[in-house]
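Undergrad: here's my sequence, what's the structure:
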Amino acid sequence: MSEKHNASIPNQEGDDQNWYSSWFDTPYYHILYKDRNYREAQIFMDNLTHYLNLPEKAKVLDLACGKGRHSIYLNQLGFNVLGADLSENSINEASKNSNETLHFKVHDMREPFEEKFDAIFNLFTSFGYFESDDDNLTTLKAIKESLSEYGFAVIDFMNVTNVIENLVPEEVKTVDEIDFHIKRYVEDGHIFKEIDFEDQGRKFHFTEKVKALTLKDFQELMDEAGIYLLDIFGDYKLKKFHKTESERLIMIFK
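TA: Numbering: from 1, shown residues only. Next up, the predicted model:
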């Protein structure tokens with residue numbers, strides 16, 4: 001097994017309001033999700049940057065960047081990229097890839113940036129973790145305030161109607177010889193994912209909790225934030241959004 005499993009991590013219970021700050025900071029989060037389809041993600045970013053017609057060396061903010069894999073790719077496309085994330089561990093890891101036009105910083109997405117960006121990307125369901133609707137609204141306002149005059153923002157969220165309809169209640173995923181026991185359910189307007197596993201004789205329990213925000217919910221939040229929703233897509237090839245069939249809810253706004 002990989003040495004990084006040796007990190008001493010307390011057993012986390014799902015009641016922790018800031019579950020995301022503990023779970024995302026563990027090596028296990030990255031182990032469980034390491035087989036995500038990054039080629040598909042790169043095609044999405046190709047399509048997105050072409051659609052937005054971003055100028056060469058445009059300033060791009062990758063908001064909730066994790067370990068920076070997508071920030072690195074955006075930088076390779078020729079953009080001046082800042083990757084921001086709440087997780088110090090992720091930013092420390094991402095910063096190993098820094099260069100003159102690629103930087104990383106620890107940042108709470110509810111806070112606006114002093115500098116302005118030509119594009120702000122919040123990709124792969126990195127929204128809706130906060131307990132309060134006020135925090136979601138505050139985040140949208142912060143994104144708007146961080147855009148340049150001609151800038152665009154993109155939120156790529158799950159299409160909750162499709163996700164709930166196709167929810168897999170229980171499954172076991174084995175990665176790096178660890179059996180992750182996963183349960184999914186909907187409760188109180190949130191989609192929950194409970195993750196249980198053992199490693200090196202210790203039991204772990206984490207809960208992911210994301211607010212089940214529909215397009216209508218986003219439209220109401222955006223109206224309140226004074227945001228203009230310009231376009232909506234339903235997948236990474238930027239096909240038209242369909243309320244029940246689309247897997248993604250991709251919103252372009254300013």
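Undergrad: which residues are contacting stretch 149-164?
TA: Here stretch 149-164 makes contact (C-beta atoms under 8 Å, 6 or more residues apart in numbering) with 44, 48, 52, 116-125, 127-128, 143-144, 147, 186, 191, 210, 212-214, 218, 230, 234, 241, 243-254. Backbone N, C-alpha and C define where each C-beta goes, glycine included.
Undergrad: just checking, E56 touches T101?
TA: No: assessed by C-beta atoms under 8 Å, E56 is found out of contact with T101, at 11.2 Å.
Undergrad: so which of those two has more stuff around it?
TA: Taking neighbours as other C-beta atoms under 10 Å, E56 and T101 compare with T101 leading, 14 against 8.
Undergrad: and the residue lying closest to the more buried one once chain neighbours are set aside, what are its bridge partners?
TA: Distances taken as C-beta to C-beta, 6 or more residues apart in numbering put N80 closest to T101, at 4.6 Å, once the chain neighbours are dropped. On the basis of DSSP bridges, N80 is bridged to K59.
Undergrad: next, the contact list for N80, please.
TA: Counting by C-beta under 8 Å, 6+ apart, N80 has contacts K57, A58, K59, V60, T101, L102.
Undergrad: same check on E40?
TA: Y236.
Undergrad: quick one: mean pLDDT for the strand or helix carrying it?
TA: According to DSSP states H and E, E40 maps onto helix 38-52. Mean pLDDT, helix 38-52: 92.
Undergrad: quick one: the residue lying closest to P55 once chain neighbours are set aside and Y236, what's the gap?
TA: Excluding its sequence neighbours, the residue lying closest to P55 (C-beta to C-beta, 6+ apart) is D118, at 7.0 Å. According to C-beta to C-beta, to the nearest Å, D118 stands 21 Å off from Y236.
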